[in-house]
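A.B. asks: using only what follows, build the 3D model:
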Amino acid sequence: MSRISFFAVLALFSSYSLAQDAYPSRAITMIAPFPPGGVADIVGRPLAAMMEKALKQPVVVVNRTGAGGALGTREVARAAPDGYTILMSLSSISIFPVADRVNGKPPSYELKDFAPIALVTADPTVLVVRADGPYKSVKDFVAAARANPGKINYSSSGVYGTLHVAMEIFAGAAGIQLFHVPYGGGGPAVTALLGGQVQALASGPAAAVGQIKGGKMRALASWGTERLKLLPEIPTFKELGYDAEFYIWSGVLAPAATPAPVLTRLREAVRAAATSAEFRGAMEKVSTPVSYLDAPEFAKYWERDAKRLAIAVEKIGKVEETKK
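C.D. replies: Numbers count the residues shown, from 1 in each chain. Model prediction:
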């Protein structure tokens with residue numbers, strides 16, 4: 001190697017090292033692939049605000065909506081792996097590659113395209129109906145659905161989204177047929193129920209608890225293995241004899257090829273944010289317990305959850321992908 005080329009290579013590696021040491025040197029974009037009002041937004045915004053304190057740079061939350069969360073997720077998968085575009089993901093990230101294959105399409109991304117940074121929250125979904133509606137219990141709801149197959153409708157965050165899959169897991173366990181009305185996110189799905197366009201919804205507790213406590217929605221059951229602390233009077237489906245379990249988790253991910261030093265910096269920032277008193281206080285206000293797991297534990301949790309969701313999506317099978 002010539003003296004000139006040697007120094008050129010040395011300069012290249014030195015500049016790369018300096019670039020990594022300087023991370024972050026500008027604003028970071030956190031993509032929330034759902035509209036405002038859903039779980040990703042409710043968790044992502046206060047988390048980003050706390051991350052800014054650790055990173056000393058702005059962390060800007062951008063709602064990149066569409067296809068039940070798949071569009072924003074794909075954008076991060078294809079983003080430059082430099083740490084300046086990260087994802088506030090929900091468990092639906094595991095659904096779409098399976099759904100694409102079920103529908104005979106090449107997946108727009110794979111789970112291996114992402115590097116886990118941290119799990120932040122993990123809540124079971126809750127079956128909610130309008131408080132002024134006819135359903136006072138799961139027994140009422142199931143009886144009506146059996147008497148009117150395909151007539152009771154429910155909203156969701158989108159085809160194959162978390163809220164769609166959760167409801168179909170319950171419908172399968174109960175042996176009932178419901179009519180699915182997909183929307184563009186959890187927020188619009190809640191609005192549709194409140195507005196009377198639909199009769200039911202599988203919702204994340206954080207997105208619905210205010211309406212439940214305000215007397216506009218009635219919670220019938222949850223998809224957890226234990227009762228929710230914020231709604232202790234609500235039974236689980238397991239208690240009622242239905243084998244239906246589902247969790248909406250939120251976690252931070254980065255493109256898979258992001259350099260290790262950058263991932264470490266992001267892990268440190270999310271750890272500081274998620275374990276801070278300010279963030280926990282913000283989550284308490286929306287009745288969402290923090291379930292922080294660092295990258296290694298999060299990776300194991302995600303793998304187990306993805307396997308369960310793959311089985312559920314394959315049972316749902318091919319669905320026409322339209323949304324409100």
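A.B. asks: surely Phe197 is in contact with Pro188?
C.D. replies: Small correction: residue 197 is Gln, not Phe. No - in this structure, Gln197 is not within contact of Pro188 by C-beta atoms under 8 Å, at 9.9 Å. The C-beta positions use only the backbone N, C-alpha and C, and glycine is treated the same way.
A.B. asks: tell me how far the strand or helix carrying Val129 lies from the chain's centre.
C.D. replies: For Val129, the host element (DSSP states H and E) is strand 126-130. In terms of C-alpha atoms, centre = their mean, to the nearest Å, the centre of strand 126-130 is found 19 Å from the chain centre.
A.B. asks: what residues are bridge-paired with the nearest residue to Asp41 once chain neighbours are set aside?
C.D. replies: Nearest non-adjacent residue to Asp41, counting by C-beta to C-beta, 6 or more residues apart in numbering: Ala32, 5.3 Å away. On the basis of DSSP bridges, Ala32 is bridged to Asn63.
A.B. asks: hmm, back to that, shared neighbours of Gln197 and Pro188, anything?
C.D. replies: Listed as contacting both Gln197 and Pro188 by C-beta atoms under 8 Å, 6 or more residues apart in numbering are Ser155.
A.B. asks: who has more neighbours, those two?
C.D. replies: Pro188 (24 against 15; other C-beta atoms under 10 Å).
A.B. asks: hmm, Ser276 is touching Glu52, no?
C.D. replies: No - contact status for Ser276 versus Glu52: not in contact, 11.6 Å apart, counting by C-beta under 8 Å.
A.B. asks: which strands and helices sit next to the strand holding Val129?
C.D. replies: Applying 3 or more C-beta pairs under 8 Å, 6 or more residues apart in numbering; DSSP states H and E, one finds that strand 126-130 contacts helix 138-147, helix 186-194, strand 200-203, helix 205-213, strand 217-222.
A.B. asks: direction included, what does that strand pair against?
C.D. replies: Strand 126-130 has the following strand partners under DSSP bridges: strand 200-203 (antiparallel), strand 217-222 (antiparallel).
A.B. asks: what sits against Lys238?
C.D. replies: Contact partners of Lys238, counting by C-beta under 8 Å, 6+ apart, are Thr225, Ala244, Glu245.
A.B. asks: is it part of a helix or strand, or is it coil?
C.D. replies: The three-state assignment at Lys238 reads coil, by DSSP: H, G, I helix; E, B strand; the rest coil.
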